[in-house]
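Undergrad: quick one, fold the following:
(3 chains)
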Amino acid sequence: MKIAIGGMVEPGSTRVNKTGGWRIYRPLYHKDMCIKCGICSLLCPDSSVKAQEDGYVIFDYDYCKGCGICAYECPKDAIEMVLEEK
Amino acid sequence: MTDNPMEKMSVVEGSYATAHAVKVCRPNVISAYPITPQTHIVEDLSQFIADGEIDNCEFITIESEFSALSALVGASAAGARTYSSTSSQGLELMHEVVFNVSGMRLPTVMTVVNRAVSAPISIWNDHQDSISERDTGWIQLYAENSQEISDLTPLAYKVAEDKDVMLPAMVCMDGFILSHVFEPVVLLEQDLTDEYLPPYRPEHILDTKNPKTFGSFADPSVYTEFRYMQQKGMDIALKKIEKAVDEFTRIFGRDHGGLIDTYRADDAEILLMAMGSVVGTIKDVIDEARIDGIKVGLLKIRSFRPFPVEAVRKTLADAAVIVVLDKNISLGLNEGSLCTEVKSCLYNTDINTPVMGFMLGHGGRDISKGTIHMIIDKSQKVARSGIKVENEFVDVRGDLI
Amino acid sequence: MKEIRIHGRGGQGSVTAAELLAVAAFKDGHYSQAFPSFGVERRGAPVAAFTRIDDIPIRLRSQIYEPDYIIVQDPTLIEVVDVTGGVKPGGKILINSDFSPETFKLDTPAEVMTIDATRIALDIIGLPIMNTVMLGAFAGATGEINIRSIQYAVSERFPGKVGEKNSKAAYEAYKRLEAKR
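TA: Model (predicted):
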């Protein structure tokens, strides 16, 4: 890495910073209970709950910090926070 | 004094020790705006106020550093003992008012928790912020550890409020390195502080019943004299600091040195100079280098303003090489501020010792023992074969530039 | 002088642990110094905190490069940070994990020990905050600090029920590792 003049930074530099390691609790997705409302995906502060074309979601564990907002907001309790194995 | 110095100590954060020292100085008005790494000091002071631990004192929570110091101009003129604390951009934002306080000869005391200045943004320590206020007519004292920052606080008030001085004072402590360190400290005792520091009784105060003008206009026929009188105040402060140190030692039984302090400097061929917390690391390295037979010592600057020209000259007279460590740079000169001062005070004297400057610790770059050893190695070569490079940056990462 | 480096993530109380260790060491009659790595204050981001313990006043202000002991509050840091860096031969590395020390395959001259501090914290304190547990484990694993001094420092910082639970959790970890010493 070289410092550009004035410290200009190209976009996307934080992709290498995989914040998934911050998790203590991990969201566990119960797809059978999901009604595809998309609230979890909308409210995830790290864009780590990604809605698929069929309406179900997948979790990006590289960046999910385990904050639990998705589980808290899910109207059907289809997301469960479980202790991360370390 | 007890036999065991640890009996009176407690392990607290440097910021707490500072806030406690301010408390026992019995300030009347505190005005500050929070900024990292100064924050803990003002949080602790707010807590003291909320708990009713500081009598007759108002804490003004205010919208900016500019206003924080402006409020103290009024409060100090009205006869209050005033306090503020800031860091980095906060101090830069105060700049206009910093000159007003000293020009109006108001003895405010402010803890500057030293932090690098933006851009690039950095919350970490160096001395660029307070050094940038070098010429503003404030006394500047630099502390090595939590005890010294505590002890310098009442001393700063005592000197600043002396009727022959009447200049504001910045007490400077290294951000994080001292503000966030937990270490054993004797928290200043209220009774001893009261004995040491009398109440502030200014000759002139802003009072509606006895109206006077403060901060007036000066046309070219009188302006020069204002600056001349400020410099006289600084000259007098040199002696008053020494006197205040003696009295502090008599009452509190602790001694960190006067305007300067020295460590193993008597027979030193290599004399290192520095200010602030890096002094502690340097002392450890000196002990190691001495075991290897290297005659190295330290001159620590406690008072950067007023600058103790005579004391520095006297200490440096017998060294073979003078090595100045600066946590700041004058951009365009490629030199740290302390190095400039040292060279300036040796010119026109019989002392013709080479002076080398090293700029290090910028924006929180850690200063390891290895770095100091490397500097001593370089200066040994200069002591033998003369100076080639006068000033250089330390620990520059070639891979980034 | 003994030097201890604590690795954790923002929010795991690493800085507090370093401070409590300094308070406990002072209580034991030593000089001490604790300071953070001054990193960006962000929950979850890797942080480090340091403690020095000596019998004479401590002047050194640099970070710790050759620690005698290392405490790792979060084992996922091992992939991200050089947690074993500079450790002295004969030193000890204490990792919060329910796996065995061998699992981590650390290339180090130091002894590696593990303690399931998160589990102890959840069981006794009711929260996954393991810093005080790791301090108890440190006292047990190294014998450098009296566990009573750790408990004193913990109770002083967290008065009431919270302190009691933390103190109890620290003692539980102490017992487990003291038995292995």
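
Undergrad: can we go C-alpha only for contacts and neighbour counts from here?
TA: Noted.

Undergrad: who are the packing partners of the longest helix along chain B?
TA: With DSSP state H applied, the helix covering the greatest number of residues in chain B is identified as helix B:223-252. Under the contact definition 3 or more C-alpha pairs under 8 Å, 6 or more residues apart in numbering or on different chains; DSSP states H and E, helix B:223-252 sits against helix B:88-103, helix B:146-160, helix B:190-196.

Undergrad: now do the buried residues in that helix.
TA: B:230, B:233-238, B:240-242, B:244-246, B:248, B:252 (16 or more other C-alpha atoms under 10 Å in any protein chain shown).

Undergrad: nearest to B:Phe66, of the residues you listed?
TA: B:Phe66 lies nearest to B:Gln230 out of these, by C-alpha to C-alpha, at 22.6 Å.

Undergrad: can you give me the strands in the chain?
TA: Looking at chain A here, since you left the chain open. Counting by DSSP state E, one finds strands in chain A at the ranges A:25-29, A:49-51, A:57-59, A:79-83.

Undergrad: let me rephrase: I mean chain C.
TA: In chain C, the strands defined using DSSP E lie at C:2-9, C:31-36, C:46-54, C:69-72, C:92-96, C:111-115.

Undergrad: can you redo the ones you listed as a markdown table with mean pLDDT and mean neighbour count?
TA: Compiled in a markdown table, these are given as follows (pLDDT from 0 to 100; neighbours: other C-alpha atoms under 10 Å in any protein chain shown):
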| stretch | mean pLDDT | mean neighbour count |
| --- | --- | --- |
| strand C:2-9 | 96 | 24 |
| strand C:31-36 | 96 | 26 |
| strand C:46-54 | 95 | 24 |
| strand C:69-72 | 98 | 26 |
| strand C:92-96 | 97 | 25 |
| strand C:111-115 | 97 | 20 |
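
Undergrad: mind checking which of these is nearest C:Glu19?
TA: Taking C-alpha to C-alpha as the measure, the strands of chain C were each checked against C:Glu19, and strand C:31-36 came out nearest at 5.3 Å.

Undergrad: one step back: mind checking the helices and strands packed on helix B:223-252 for the one nearest to chain A?
TA: helix B:88-103 (18.0 Å; C-alpha to the nearest C-alpha).

Undergrad: surely B:Glu13 meets B:Ile177?
TA: No - look at B:Glu13 against B:Ile177 with C-alpha atoms under 8 Å: they stay out of range, at 10.5 Å.

Undergrad: and those two? Which one has more around it.
TA: B:Ile177 (31 against 24; other C-alpha atoms under 10 Å in any protein chain shown).

Undergrad: measure that one to B:Glu144 for me?
TA: As defined by C-alpha to C-alpha, to the nearest Å, B:Ile177 lies at a distance of 10 Å from B:Glu144.

Undergrad: chain center to stretch C:6-22: distance?
TA: Mean-position distance between stretch C:6-22 and its chain equals 7 Å (C-alpha atoms, centre = their mean, to the nearest Å).

Undergrad: quick one: is that stretch near chain A?
TA: Yes - using C-alpha under 8 Å from any C-alpha of the partner chain, stretch C:6-22 reaches chain A at C:Arg9.

Undergrad: give me the distance between the two termini of that stretch.
TA: Distances were taken as C-alpha to C-alpha; on that basis the terminal residues of stretch C:6-22 are 13 Å apart.

Undergrad: any weak-confidence spans in chain A?
TA: A:85-86 (pLDDT under 70).

Undergrad: from it, which residue is nearest to chain C?
TA: The minimum distance from chain A to chain C, using C-alpha to the nearest C-alpha, falls at A:Trp22 (4.7 Å).

Undergrad: OK, contacts around that residue?
TA: Under the criterion of C-alpha atoms under 8 Å, 6 or more residues apart in numbering or on different chains, the contact list for A:Trp22 reads A:65-66, C:9, C:44-45.

Undergrad: of all these, which comes closest to chain B?
TA: Distances from chain B to those, taken as C-alpha to the nearest C-alpha, are shortest for C:Ala45 (16.4 Å).

Undergrad: these two touch, right, the closest one and C:Gln12?
TA: No - the pair C:Ala45 / C:Gln12 is not scored as a contact, 10.0 Å apart, by C-alpha under 8 Å.

Undergrad: neighbour-wise, which of these two wins?
TA: Neighbours around C:Ala45 and C:Gln12, counted as other C-alpha under 10 Å, are more numerous at C:Gln12. The numbers are 21 against 18.

Undergrad: leaving out chain neighbours, which residue sits closest to that one?
TA: Setting aside the residues directly before and after it, C:Gln12 is nearest to C:Ile129 in space (C-alpha to C-alpha, 6 or more residues apart in numbering or on different chains), at 6.0 Å.

Undergrad: what's the answer for B:Leu346, then?
TA: In space, B:Leu346 comes closest to B:Arg313 once its chain neighbours are excluded; the distance is 6.6 Å by C-alpha to C-alpha, 6+ apart.

Undergrad: also A:Pro27?
TA: For A:Pro27, the spatially nearest residue (C-alpha to C-alpha, 6+ apart) is A:Met81, at 4.5 Å.

Undergrad: got a list of what the nearest residue to B:Ile149 once chain neighbours are set aside touches?
TA: Using C-alpha to C-alpha, 6+ apart and skipping the chain neighbours, the partner closest in space to B:Ile149 is B:Ala143 (5.2 Å). With contact taken as C-alpha under 8 Å, 6+ apart, B:Ala143 is in contact with B:149, B:152, B:171-174, B:275-277, B:302.

Undergrad: what does chain A put close to chain B?
TA: By C-alpha under 8 Å from any C-alpha, the residues of chain A that approach chain B are A:1-3, A:6-7.

Undergrad: and with 6 Å instead?
TA: The interface of chain A toward chain B, taken as C-alpha under 6 Å from any C-alpha of the partner chain, is made up of A:1-3.

Undergrad: how close does B:His40 get to B:Gly14?
TA: Distance from B:His40 to B:Gly14, counting by C-alpha to C-alpha: 9 Å.

Undergrad: next: B:Val285.
TA: 23 Å.

Undergrad: which pLDDT value belongs to whichever residue of the stretch 151-300 of chain B sits closest to chain A?
TA: The shortest separation between the stretch 151-300 of chain B and chain A is 23.3 Å, found at B:Gly175 (distances taken as C-alpha to the nearest C-alpha). Reading off the confidence values, B:Gly175 has pLDDT 97.

Undergrad: contact partners for it?
TA: By C-alpha atoms under 6 Å, 6 or more residues apart in numbering or on different chains, the residues touching B:Gly175 are B:37, B:113-115, B:125.

Undergrad: then B:Leu141?
TA: By C-alpha under 6 Å, 6+ apart, the residues touching B:Leu141 are B:171-172, B:302-303.

Undergrad: could you do B:Ile62 as well?
TA: B:Ile62 is in contact with B:Ala68, counting by C-alpha under 6 Å, 6+ apart.

Undergrad: equivalent analysis for B:Ser303, please.
TA: Under the contact definition (C-alpha under 6 Å, 6+ apart), the residues listed for B:Ser303 are B:140-141, B:259.

Undergrad: show me what from chain A comes close to chain C.
TA: Taking C-alpha under 6 Å from any C-alpha, the part of chain A that reaches chain C is made up of A:Trp22.

Undergrad: so which residues of chain A form helices?
TA: A:39-43, A:69-73.

Undergrad: what do you get for chain B?
TA: For chain B, helices defined by DSSP H occupy the ranges B:14-24, B:39-50, B:65-77, B:88-103, B:128-131, B:146-160, B:190-196, B:223-252, B:278-291, B:309-316, B:337-346, B:369-385.

Undergrad: of the ones you listed, which is nearest C:Phe104?
TA: helix B:369-385 (31.0 Å).
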